[in-house]
Every structure is written in structure tokens, then in C-alpha cells.
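>>> Need a 3D model of the sequence below.
(one chain, ligands or ions: 1)
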Amino acid sequence: MLCFDFEQPTDTAEIDTLLDIVFGPDRRVKSSYALRENNPAIRDLSLVARLDGRLVGCIRYSKIHVANTKKIHMASAKPGQIQNLLLLGPLAVAPELHGKGVGKKMIERTLDTAKNMGQERVLLVGDLSYYGRFGFCLVEPNIVTLPNGKTEDRLLLRQPKAEPPLLPHGKLLPGWA
Ligand SMILES: CC(C)(COP(=O)(O)OP(=O)(O)OC[C@H]1O[C@@H](n2cnc3c(N)ncnc32)[C@H](O)[C@@H]1OP(=O)(O)O)[C@@H](O)C(=O)NCCC(=O)NCCS
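Numbering: from 1, shown residues only. Model (predicted):
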């Protein structure tokens, strides 16, 4: 039977094995990992999926913020302004279960939980072709930069329409400010 639980410290080894299988051992060089270094996953939001006890899926969220680092005033951004966000990822499903809705269930459940926590702004690095169905949209290039100063052209954002857009000239940084 497939079931979902919040991630526990005892799941870490199984999650690492799944991530190595799905993303390969060089996964830690991915740009989004810089935002997750020394920035633990949020335990009451991150989920694991188990099929008959075996870990077959995981989804993690971390706290990040975007800080306006430019010393200029704009209508939508003031120097020193920050926005707290959730970073979704990694999301992984065991290859033999791809296409059976495990990823969809984990995303929908966790986005609901995030909404109940009052955190509806979610950022990730991933494929629009997959995440678009969950309401994620492409962040225009050069709006925000990663901690290493580089831009990321697969940056996707999901947020309520009424919220202001991501701070222009913002820098993405780990944790909440
Ligand atoms: C991406 C992933 C998490 C999806 O989980 P899943 O349980 O297989 O997905 P679901 O069953 O919920 O959804 C399957 C649908 O997503 C599509 N899909 C899967 N990966 C996709 C991708 N990278 N781009 C576009 N569509 C994708 C499938 O074709 C399928 O489409 P359909 O519903 O029209 O048939 C899983 O395939 C996986 O672990 N992939 C490798 C790791 C990865 O790429 N993770 C991050 C995604 S950027």
C-alpha cells in the first residue's frame, strides 16, 4: 500500500539512495543545492512516499528569501526589502513508479499544507513542462540571482495572483530573514 509521511531524520539514508538513483551522484553540483547547504528541509512539510514500507518518493522544502541588494528605489522594490519563500526540491520518485501519480500526490498534498501554513510563495528549479500543471510559472531571466551571483533559466514560481512579483535585482539566499 502507498502511504505518505512527514520526513523523519531516520529517512535520510534512504532518501539519499533514491536521489542518487534518480539524479545521479553529481546531483550536489546543481545550482539549487547552494540554497540547501546548511539549510535543513522543513520537517512538517517535507514528505516521503512508501510502498509496502519501501521509500519510493520524496519531496523536500527549505526556507529561502530574496533580498533586494541594489541600492536603488523602484516602485516595486526598496533597498533592504526582503521576501520569504519556500524552495521546493528535490522531488524524486523511484523510476519503476514514474507516471503513476506519486509525484502529483506529493506536490498537491504539500502545496495544500504550505497554504495552511500561510506560505503560498514557492520557488523551484525544474521543468515548466512538468510543474506548469501545478500553477508554476517561469521567472524571467535576470530577475533574481543565486547565492553565487549567477542566474538560473529554469527558475519557476507559484504564488497567489494578488501577491507582488519577485523583487527585481533580488538575490536568493538560504533561510528566512
Ligand atoms: C518528475 C517526477 C518527480 C514526476 O513524478 P511521477 O510520479 O513520475 O509523476 P506523475 O505520475 O505525478 O505525473 C506523470 C506525468 O508527468 C510527466 N512528466 C514526468 N516528468 C516530466 C518532465 N520532466 N517534464 C514534463 N513532463 C514530465 C509524465 O509524462 C506524465 O504525464 P501525463 O500525466 O500526461 O501522462 C519523476 O518522474 C522523477 O522523479 N523524475 C526524475 C527526477 C526529476 O526530474 N525531478 C524533478 C523534475 S524537474
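>>> near the ligand, which residues of the chain?
22, 91-93, 98-104, 126-127, 129-130 (C-beta under 6 Å from any ligand atom). In short, each C-beta sits where N, CA and C put it, glycine included.
>>> Among the residues you listed, which are located in strands?
Cross-referencing those against strands under DSSP state E gives 91-93.
>>> With pLDDT and neighbour count added, can I get those residues in TSV?
Converted to TSV, these look like this (pLDDT from 0 to 100; neighbours: other C-beta atoms under 10 Å):
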residue	pLDDT	neighbour count
Leu91	98	21
Ala92	98	23
Val93	98	22
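>>> could you dump those residues to TSV with distance to Leu167?
Below are these laid out as TSV (distance: C-beta to C-beta, whole Å):
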residue	distance to Leu167
Leu91	25
Ala92	30
Val93	33
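>>> Now do the same for Glu152: its pLDDT.
At Glu152, the predicted lDDT confidence score is 91.
>>> quick one, what contacts Ile59?
46-47, 88-92, 103, 106-107, 110 (C-beta atoms under 8 Å, 6 or more residues apart in numbering).
>>> Okay, and which of the residues you listed map to helices?
103, 106-107, 110 (DSSP state H).
>>> and which of these is nearest the ligand?
Of all the ones in helices among the contacts of Ile59, the ligand sits closest to Gly103, with 2.4 Å by C-beta to the nearest ligand atom.
>>> Next secondary structure after the strand or helix carrying Glu14?
Here Glu14 sits within helix 12-23, counting by DSSP states H and E. Going down the chain from helix 12-23, the next helix or strand is helix 33-36, by DSSP H and E.
>>> Go ahead and produce CSV holding the CA coordinates of that next one.
In CSV, the C-alpha atoms belonging to helix 33-36 read as follows (Å, rounded to 0.1, in the frame of the first residue of the first chain):
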residue,chain,number,x,y,z
TYR,A,33,21.9,22.9,-3.8
ALA,A,34,23.7,26.1,-2.9
LEU,A,35,20.4,27.2,-1.4
ARG,A,36,20.0,24.0,0.6
